[in-house]
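Asker: can't give you the sequence, but here's the structure:
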């Protein structure tokens, strides 16, 4: 089976079943490994300089280990039967994608808002963001949801597929380890400023190209959906660099400009207020329907990306260029 078909099947599998809770997810294992490694490091290292250097163990052990374990599992399964390895690769790549889960999380907030259930909408948003949500009004709940969907177009879809294209399930799983590290130790607070710096920088580097690709895909999505593509392009040019992340501003500003809303503003984290630069101009007041629009943009852009990848791989196969070097 060609890589194009493997990627397409993995994407469709995620769209259909997502991440069922009864199936053990690789990220859970990564999280346990990260916690154990952190505990071991902190028991032996106390100085800031030591923590800074020890922080490189996270990418080496967790990311490198995720790649090698995945590669070894596929090799062993291929010895049993090649099709068994192919099936495993499809499933493993699917676990690195979270399009269905992202849609479900967004639609849960949307449904609560449509039913005028603000407390429930706040709780649902609190499950997917780090900010305090207890006292948010509807526009702020919508803003938090749209920002999360937009930013995760890169982390949860485009980047995993991008790395699966280059290195199949092993590299896609390595990327998921990078992303998990960033979400667990890649903070700029006192606890992780030194220990998590290497992980945070690696996540920035890993998402650099996919984030910019996502902006192009979102421009195309805006055109297909009849949204404001020119405004989307202008907003990315003007506002993407204002985001605290070198990558997060691209999908967020592209979505904000396409819909004609303003993202960013004041957030509260554990009682402390923080300002995030504005993305886009408020041509429309934030409302629940904008959540559905952002989800539609997510699906259109990711569908375009998988079609582009399949077309590219199909062309390469015509010329006899073997791509699955890791098998």
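Answerer: It's in. The shown structure was predicted, so the numbers you read here are calculated from the model rather than taken from an experiment. Numbering: from 1, shown residues only.

Asker: max-length helix in the chain?
Answerer: helix 289-318 (DSSP state H).

Asker: list the helices and strands that one packs on?
Answerer: helix 3-17, helix 99-114, helix 138-153, helix 159-185, helix 208-224, helix 249-259 (3 or more Cβ pairs under 8 Å, 6 or more residues apart in numbering; DSSP states H and E). All C-beta spots, glycine's among them, are computed from the backbone N, C-alpha and C.

Asker: I'd like the mean pLDDT over that helix, please.
Answerer: Taken as a whole, helix 289-318 has a mean pLDDT of 95.

Asker: from the chain's centroid, how far away is that helix?
Answerer: On the basis of Cα atoms, centre = their mean, to the nearest Å, helix 289-318 sits 15 Å off its chain's mean C-alpha point.

Asker: buried stuff in it?
Answerer: 290-291, 293-295, 297-306, 309-310, 313 (16 or more other Cβ atoms under 10 Å).

Asker: okay, the helices and strands packed on helix 289-318, which one's buried deepest?
Answerer: Ranked by mean neighbour count under mean count of other Cβ atoms under 10 Å, the helices and strands packed on helix 289-318 are led by helix 249-259, which reaches a mean of 31.

Asker: separation between the closest residue to residue 18 other than its chain neighbours and residue 240?
Answerer: Nearest residue to residue 18, sequence neighbours excluded (Cβ to Cβ, 6 or more residues apart in numbering): residue 100, at 3.3 Å. Residue 100 is 27 Å from residue 240, where distance means Cβ to Cβ, to the nearest Å.

Asker: what do you get for residue 260?
Answerer: 17 Å.

Asker: more neighbours: which of those two?
Answerer: Neighbours per residue, other Cβ atoms under 10 Å: of residue 260 and residue 240, the larger number sits with residue 240, 24 against 18.

Asker: helix, strand, or coil at the more buried one?
Answerer: On the three-state scheme (DSSP: H, G, I helix; E, B strand; the rest coil), residue 240 is labelled helix.

Asker: list the contacts of it.
Answerer: The contact partners of residue 240, by Cβ atoms under 8 Å, 6 or more residues apart in numbering, come to 215, 249, 250, 252, 253, 254, 279.
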